[in-house]
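Student: My questions concern the predicted model and sequence given below.
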Amino acid sequence: MATMSTTFTASGSFSLVDSSGVTVFSYNPSFTSTSNTAAKAISTGEILAAADSSVTEVALPEHNDDRVYAFIKHVDNDHAVEITASEAEGSSKEIADLKPGEFFFAPMELNHDGAGDSITVGFGTSAQKVQFLLCDALDN
């Protein structure tokens with residue numbers, strides 16, 4: 001039986017240039033991580049953010065057990081969605097508001113017992129489509 005192994009690479013380029021053409025800030029992050037486990041290495045999906053002020057959950061422990069790189073993209077074209085991180089204790093924090101076409105990327109730590117965090121996507125006016133990619137991250 002073959003063992004699945006993945007390598008995840010993320011990179012970007014961010015620059016702030018003033019009206020005179022002078023670069024005020026420049027950052028070019030890039031990193032590569034290998035998978036920590038053969039199972040649950042990559043999960044993808046598409047969800048519909050609810051239109052009735054409720055939320056739709058991406059339960060991270062169902063996709064991985066400890067730590068993931070989460071990439072979330074808003075693919076609809078009319079209303080923003082709110083991304084919230086929830087913990088097993090019931091508390092939650094807003095981590096992003098995505099306008100149509102925007103995306104969110106972050107490393108996310110789960111509780112070690114697998115009962116930890118989830119990401120919720122919500123919107124109150126009309127249902128909005130969101131795609132996600134979760135990649136296994138090294139635990140340490």
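Tutor: Arrived safely. Numbering: from 1, shown residues only.
Student: So what's the residue count around Y69?
Tutor: Residues near Y69, counting by other C-beta atoms under 10 Å, number 19. No exception for glycine: its C-beta is placed from N, CA and C like everyone else's.
Student: swap in the one 4 residues further on?
Tutor: For K73, the tally of surrounding residues (other C-beta under 10 Å) stands at 16.
Student: likewise P100?
Tutor: The number of residues packed around P100, counting by other C-beta under 10 Å, is 14.
Student: pretty sure it is in a strand, no?
Tutor: No - counting by DSSP: H, G, I helix; E, B strand; the rest coil, P100 is not found in a strand; it is coil.
Student: okay, and the helix or strand of the protein with the least pLDDT?
Tutor: Lowest by mean pLDDT, DSSP states H and E among the helices and strands of the chain is helix 60-63, with a mean of 67.
Student: What's the first helix or strand after it?
Tutor: Using DSSP states H and E, the helix or strand that follows helix 60-63 towards the C-terminus is strand 67-74.
Student: ok, that next one: who's next to it in the sheet?
Tutor: Taking DSSP bridges as the criterion, strand 67-74 forms sheet pairs with strand 103-109 (antiparallel), strand 128-136 (antiparallel).
Student: Out of those, which one sits most buried?
Tutor: Highest mean neighbour count among the strands paired with strand 67-74 (mean count of other C-beta atoms under 10 Å): strand 128-136, with a mean of 21.
Student: So for that strand, mean pLDDT?
Tutor: Mean per-residue pLDDT for strand 128-136: 83.
Student: where are the low-confidence patches of the protein?
Tutor: For the chain, the stretches flagged by pLDDT under 70 are 1-8, 31, 33-40, 50-55, 59-65, 87-90, 110-117, 123-125, 139-140.
Student: Which residue ranges of it form strands?
Tutor: Using DSSP state E, the strands of the chain run over residues 7-11, 14-17, 23-27, 30-34, 42-49, 55-58, 67-74, 81-86, 92-98, 103-109, 118-122, 128-136.
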